[in-house]
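Colleague: one predicted model, sequence on top.
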Amino acid sequence: MHRRQFIATSSCTLAMSRMLSAKPVSFKGRIKKAVKFGTQPDEKKMRRLKDLGFDGIEGSGPGLQVEAMRKACDKINLPMHGLVYSKHWHTRLSDPSPEVREQSRVGLGQSMREAQAVGGSSVLLVPGKVGGANETHQHVWDRSIEQIKKLLPLADELKIHILIETVWNGFCYKPEQFRDYIDAIGSKWVKAYYDIGNMQRYGPSHNWIRVLGKRTLKLDVKDWGSKNGFCPLGQGDVDWKKIRNELERIEFSGWATREGNDGGNEKTAHLMNELLAL
C-alpha cells in the first residue's frame, strides 16, 4: 500500500471508530423538565407531577399566591422556577400610550418580586406586538427596550432574569434580529426564553438555537407542524435530533417547560424524556 493510501485509510478507520464509540447526546441531569402552572397551589396535582419525574413548575404573575405556593413547593419539593408575566399581551411595553407602558413596567416589576419571593429565577416576557400604525417593529424595539432598561437595577437587586419569549407577535421573526434585540439591551439579566414550537413556523427551529447561542437561558417545549399546527410532542415538524445537537453545541443546561397538551402529564413526561434525551 502506498503511503498516501495508508494515511487516508487509517484516517477513515479512526473517524469511523470515533463515530461508533460516540455516546448519544444525553441531557439527563442537565435539563430540568417542568410544566406551566397557575397562581395558586394544588398539592394533589403537584404531587402527581413530582411522581411523574417533573423537576418543577412555572407559575403566573402578578397575582401569585406567593406564601401558599412557596409552602406547597417546599413541602412537595417541587420548585417554581419562574413566572410568566400574565399582562404582557394586553398591557404592553410597546403600547402607544406612555401611561400604559408604565403600567406594564410596574406589573412586570411586581411579577419579578413575586418570582423572587417564591424562589424562582426569571419572568417570561413578551415585549410587545407589531400591529397598526402606532406599533411598528421599530416602535416595539425602542419602547420595550426603554422600559426594560428601567427595570435592570431591580433585576440586579432581586437576581431575577427578564427572559424574552419568541412568539407570534410580528416581532423579530428572524433569529439574527432577535439576537440583536437581546444584545441591544446589553444586560446579563435579559436573555432569551426560546420557544421551540413557536418558531418552527418561520423556519427550522434548531437554526434559532444555533444563532441565539448562549443567550438562551430557558426553553418552552412545543411542537408545530405545517399540516397540524400545534400538536403533541413528536407529531409536528420539529427535528428533535437536530434540536438536541444544537443544545449540546451551546452546552445548554437549565429549565425546559412544556406548554401544551399531549393527552395527559404522564404522556408529556415520557415524551419530554424521549425527545430531549432526559
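Modeller: All right, it came through fine.
Colleague: so Cys73 touches His81, yeah?
Modeller: No: if you go by CB atoms under 8 Å, Cys73 and His81 don't touch, sitting 9.9 Å apart. Every residue, glycine included, has its C-beta placed from N, CA and C.
Colleague: joint contacts of these two?
Modeller: Here Cys73 and His81 have Ile57 as joint contacts, going by CB atoms under 8 Å, 6 or more residues apart in numbering.
Colleague: between the two ends of stretch 44-62, what distance do you get?
Modeller: 24 Å (CA to CA, to the nearest Å).
Colleague: and His81, which of the three is it?
Modeller: Each residue gets one of three states, and His81 gets strand by DSSP: H, G, I helix; E, B strand; the rest coil.
Colleague: which stretches of the protein aren't confidently modelled?
Modeller: Scanning the chain for pLDDT under 70 picks out the ranges 1-23.
Colleague: and the strands in it?
Modeller: If DSSP state E is used as the criterion, the strands of the chain fall at 31-36, 56-61, 80-85, 122-125, 161-165, 190-195, 216-221, 223-225, 229-231, 254-258.
Colleague: could you spell out the sheet neighbours of the second one, each with its direction?
Modeller: With DSSP bridges as the test, strand 56-61 is paired with strand 31-36 (parallel), strand 80-85 (parallel).
Colleague: same check on the last one?
Modeller: Sheet neighbours of strand 254-258, with direction, are listed as strand 31-36 (parallel), strand 216-221 (parallel) (DSSP bridges).
Colleague: tilt between that strand and strand 190-195?
Modeller: Taking axes from the mean of the first three to the mean of the last three CA atoms, to 10 degrees, one finds strand 254-258 and strand 190-195 inclined to each other by 40 degrees.
Colleague: who's in contact with Ser60?
Modeller: Lys36, Phe37, Gly38, Thr39, Leu83, Val84, Ser86.
Colleague: so who does the last one touch?
Modeller: Applying CB under 8 Å, 6+ apart to Ser86 gives the contacts Ser60, Gly61, Pro62, Gly63, Ser111.
Colleague: report how many residues lie close to Cys231.
Modeller: If you count neighbours by other CB atoms under 10 Å, Cys231 ends up with 19.
Colleague: wait, it sits on Gly225?
Modeller: Yes: counting by CB under 8 Å, Gly225 is a contact partner of Cys231 at 5.7 Å.
Colleague: still on that earlier bit, who wins on neighbours among the contacts of Ser86?
Modeller: Ranked by the number of neighbours (other CB under 10 Å), those place Ser111 first, at 29 neighbours.
Colleague: still on that earlier bit, so which of the strands paired with strand 254-258 is nearest Tyr173?
Modeller: strand 216-221 (16.5 Å; CB to CB).
Colleague: with that, I have no additional questions.
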